[in-house]
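Visitor: What shape does this take:
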Amino acid sequence: MFSSDPVVRVKDATIFQGNQAVLNGLNFDVEKGDFVFLVGRTGSGKSSLLKTLYADLPLRLGDISVAGFNIRGIANKQIPLLRRKIGIIFQDFQLFPDRTVTENLMFVMRATGWRDSLKMKSRLVDVLMQVGLGSVEKKMPHQLSGGEQQRVVIARALLNEPNILIADEPTGNLDPEVSSGILKVFQQINRSGTAVLMATHSYGLIKKFPNRVLKCEDGKILDSNKELIELKSEEDF
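Guide: You can find the predicted model right below:
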């Protein structure tokens, strides 16, 4: 059923790292089709916020809904269902090193309830084409460049047609040219209607691909949709 609700809605939320509150009184939405950069210096709460959104950290104060799931008090059995609605992409690729690209993707499909082998093969080809990779299905991760491995990771995140991609420093280990290629993949996915929330330290990428910015600073989040955020150099991160 079509819903006009935001993919992410954050209301009066406080984000914790251990017992320390790192972000307080957060209020923002991410709508369908939004592309949002999340920035802030190391330790400002970016990763903790993302982990709270996909229920890796508990939400203790306030309310957050993601893809129709209420994150506060979410039951353990609901977390896999939530994560089928979101694609999560990390800086370190987390591919099985002893399995081919096909085996890596098939593992995720089987783990998330796919059973029909023809549909699985068709979807695998679709997502690899979507990220600009052909004929890598039989390759092992070590046979791929860093940029190709990250594209496989993005393909893996797309398997279940998520409402949103949550990416934590997805270009952190890649050089600038390869990073730009990865950003173009995210843009293309975003144009097809999938929201993207991407944490980054790269001032260059934000300058090259201007989009909405959420900035973690002094325990708050500044939102470029509501106020002017000046980012002049890498030192702002």
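Visitor: Please make it C-alpha for all contacts and neighbour counts, starting now.
Guide: Fine.
Visitor: can you list the weak-confidence ranges in the protein?
Guide: Residues of the chain that meet the criterion pLDDT under 70 lie in 1-3, 232-237.
Visitor: in it, which residue is closest to the centre?
Guide: Against the mean C-alpha coordinate of the chain, by CA atoms, centre = their mean, the closest residue is Ile166 at 1.4 Å.
Visitor: Whichever strand or helix holds it - contacts with which helices or strands?
Guide: Element membership for Ile166 (DSSP states H and E) is strand 164-168. Judged by 3 or more CA pairs under 8 Å, 6 or more residues apart in numbering; DSSP states H and E, strand 164-168 is in contact with helix 46-53, strand 86-89, strand 195-199.
Visitor: ok, now with 6 Å
Guide: Strand 164-168 is packed against strand 86-89, strand 195-199, with contacts defined by 3 or more CA pairs under 6 Å, 6 or more residues apart in numbering; DSSP states H and E.
Visitor: Buried residues, stretch 180-191. List them.
Guide: Of the residues in stretch 180-191, 180-183, 185-187, 189-190 count as buried by neighbour count, 16 or more other CA atoms under 10 Å.
Visitor: Name the nearest of the residues you listed relative to Pro170.
Guide: Ile182 (8.4 Å; CA to CA).
Visitor: and Ser122, what does it touch?
Guide: Applying CA atoms under 6 Å, 6 or more residues apart in numbering to Ser122 gives no contacts.
Visitor: Quickly find the element holding it.
Guide: According to DSSP H and E, Ser122 maps onto helix 117-130.
Visitor: how about the strands of this structure, start to end?
Guide: 8-17, 20-30, 35-40, 61-66, 69-70, 86-89, 164-168, 195-199, 212-217, 220-223 (DSSP state E).
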